[in-house]
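Visitor: Here is my input; please provide its structure:
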Amino acid sequence: MTTASPRHRDRLRQSVAPFLSFFGGPFATLNGEPDVANFAVGNPQEMPDPAYVAALERHVAPHDKDWFAYKLSEPASQRTVAESLTARTGLAWDPADVAMTNGGFAAIAVALRTLVEPGDEVVFLSPPWFFYEILILAAGGEPVRVALEPPAFDLDVDRITAAINPRTRAVLVNSPHNPTGRVYAPETLTALAEALSDASARIGHPIWILSDEPYNRIVFDGRKAHSPAEFYPHTVVTYSYGKTLLAPGQRIGFLTVPPTLPERAQLRDEIFVQQIAAGYAWPNALLQHALADLEQLSIDVPALERRRDRLVSALREMGYEASMPEGTFYTMARSPITDDEAFSEILATHRVLVLPGSVVEVPGWFRISLTASDEMVEAGIPRFAAARREATA
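Guide: The predicted structure is shown next:
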């Protein structure tokens with residue numbers, strides 16, 4: 001007797017079922033209420049940076065009849081990105097290799113559509129961002145998980161190597177890593193590059209790294225976030241300005257390949273075609289006009305670092321096991337009871353919102369966003385203590 005395979009659309013829905021369940025639960029009821037300490041997602045909890053607003057205002061008035069015409073990857077935007085990447089990585093980036101996208105989400109979708117043929121496998125790290133699996137499936141790929149073990153969440157190159165077979169097309173890496181806050185060191189990325197070079201030679205085709213880097217400027221304690229592109233030519237880098245600017249509703253990002261990639265010229269045309277196929281995945285005119293100004297701006301990273309120190313130390317004093325993130329917006333804490341969803345519901349009764357770890361494939365933990373305001377942190381600390389006492393009584 002044979003069992004019918006699930007329909008494609010059912011697999012898509014199943015891949016985001018935990019996300020849909022959480023955001024339709026207590027989060028939907030409490031989100032936006034003024035007395036709630038909201039640590040659930042990386043949304044702004046304070047008014048936007050006035051410099052960000054001013055940059056948009058400077059560029060909203062049309063300079064010519066084409067100011068708001070259809071836009072592709074505007075040359076000025078491509079130059080801005082290439083100059084930034086060159087300064088950050090030390091590689092001489094070619095503006096022609098930069099494809100502007102309507103956010104990092106679209107950049108990942110286009111990259112996967114470009115690299116993956118139906119049935120190809122894409123290895124990704126778990127715990128993941130919510131939407132890696134659905135994007136791999138939507139591109140016709142087969143998702144393959146490699147676990148990062150808590151509490152360290154180290155990138156295990158041997159596990160990645162063991163997951164590779166002739167069907168493997170790409171390994172999706174995210175550093176700084178959401179949700180754990182890990183920033184993977186050059187030594188780790190070099191080891192990954194060497195392992196993938198060996199595996200590519202063994203199976204007879206390049207294994208790509210898809211490097212999702214929206215948090216590469218949000219790092220703590222004097223660290224630098226290195227890109228796998230610095231060590232491995234067959235890397236596609238994706239980026240979103242929504243994290244650095246804490247403006248995720250203003251959708252602009254890019255995907256690109258390093259100047260060390262031999263076949264980069266051929267890849268440009270394929271990326272262009274896939275941007276059309278993905279539903280015209282270019283950013284709007286205003287954000288591209290303003291990009292040179294936006295490139296100079298950033299969320300207050302030292303303030304995030306101070307918030308991290310205050311909250312993590314308080315949680316540890318209460319008896320929580322909490323990670324000390326090296327970057328991103330997030331810290332992870334172990335639930336004081338096995339059922340992280342149940343504990344998140346207890347926290348919600350104390351007017352605290354967090355993301356249950358089961359939503360991002362790490363049950364028994366929960367994620368805390370540092371984009372909460374300082375007032376939310378101070379209000380939330382005694383509530384975390386009260387919820388823990390209730391759960392363990």
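
Visitor: For the rest of this, base every contact and every neighbour count on C-alpha atoms.
Guide: OK.

Visitor: Return the set of buried residues in the worst-scoring helix or strand of the chain on mean pLDDT.
Guide: In the chain, the helix or strand scored least confidently by mean pLDDT, DSSP states H and E is helix 26-30, which has a mean of 86. Of the residues in helix 26-30, 26, 27, 30 count as buried by neighbour count, 16 or more other C-alpha atoms under 10 Å.

Visitor: Would you state the strands of the stretch 251-393 of the chain in chain order?
Guide: Using DSSP state E, counting those that start in this stretch, the strands of the stretch 251-393 of the chain run over residues 253-256, 330-334, 352-353, 355-356, 365-369.

Visitor: got the contact list for the second one?
Guide: So that's strand 330-334. 178-181, 308, 312, 320-325, 364-370 (C-alpha atoms under 8 Å, 6 or more residues apart in numbering).

Visitor: Which of the helices or strands spans residue 21?
Guide: helix 17-23 (DSSP states H and E).

Visitor: just to revisit the earlier point, next secondary structure after the least confident helix or strand of the chain?
Guide: strand 37-38.

Visitor: Distance from that next one to the middle of the chain?
Guide: 21 Å (C-alpha atoms, centre = their mean, to the nearest Å).

Visitor: Now do the buried residues in whatever helix or strand comes next after that strand.
Guide: Next helix or strand after strand 37-38 toward the C-terminus (DSSP H and E): helix 50-60. Across helix 50-60, burial judged by 16+ other C-alpha under 10 Å covers 52, 55, 56, 59.

Visitor: which residues does the residue nearest to the third one when sequence neighbours are not counted contact?
Guide: If I follow you right, that is residue 56. Distance criterion C-alpha to C-alpha, 6 or more residues apart in numbering; nearest residue to residue 56, sequence neighbours excluded, is residue 290 at 6.1 Å. Residues in contact with residue 290 (C-alpha under 8 Å, 6+ apart) are 55, 56, 58, 59.

Visitor: Which two of the residues you listed have the greatest separation?
Guide: 55 and 59 (6.7 Å; C-alpha to C-alpha).

Visitor: Not counting the least confident helix or strand of the chain itself, show me its contacts.
Guide: 36, 40, 345, 348, 351, 353.

Visitor: All the strands of the stretch 101-250 of the chain, in order from the start?
Guide: Using DSSP E, counting those that start in this stretch, strands in the stretch 101-250 of the chain cover 121-126, 142-147, 168-174, 208-212, 235-240.

Visitor: ranking these by burial, who's on top?
Guide: strand 235-240 (a mean of 27; mean count of other C-alpha atoms under 10 Å).

Visitor: To residue 268, which of the strands of the stretch 251-393 of the chain lies closest?
Guide: Per C-alpha to C-alpha, nearest to residue 268 of those: strand 253-256, 9.0 Å.

Visitor: what packs against that closest one?
Guide: strand 98-101, helix 104-115, strand 235-240 (3 or more C-alpha pairs under 8 Å, 6 or more residues apart in numbering; DSSP states H and E).

Visitor: Tell me which of the ones you listed sits nearest to residue 205.
Guide: That would be, of the helices and strands packed on strand 253-256 and by C-alpha to C-alpha, helix 104-115, which comes in at 12.0 Å.
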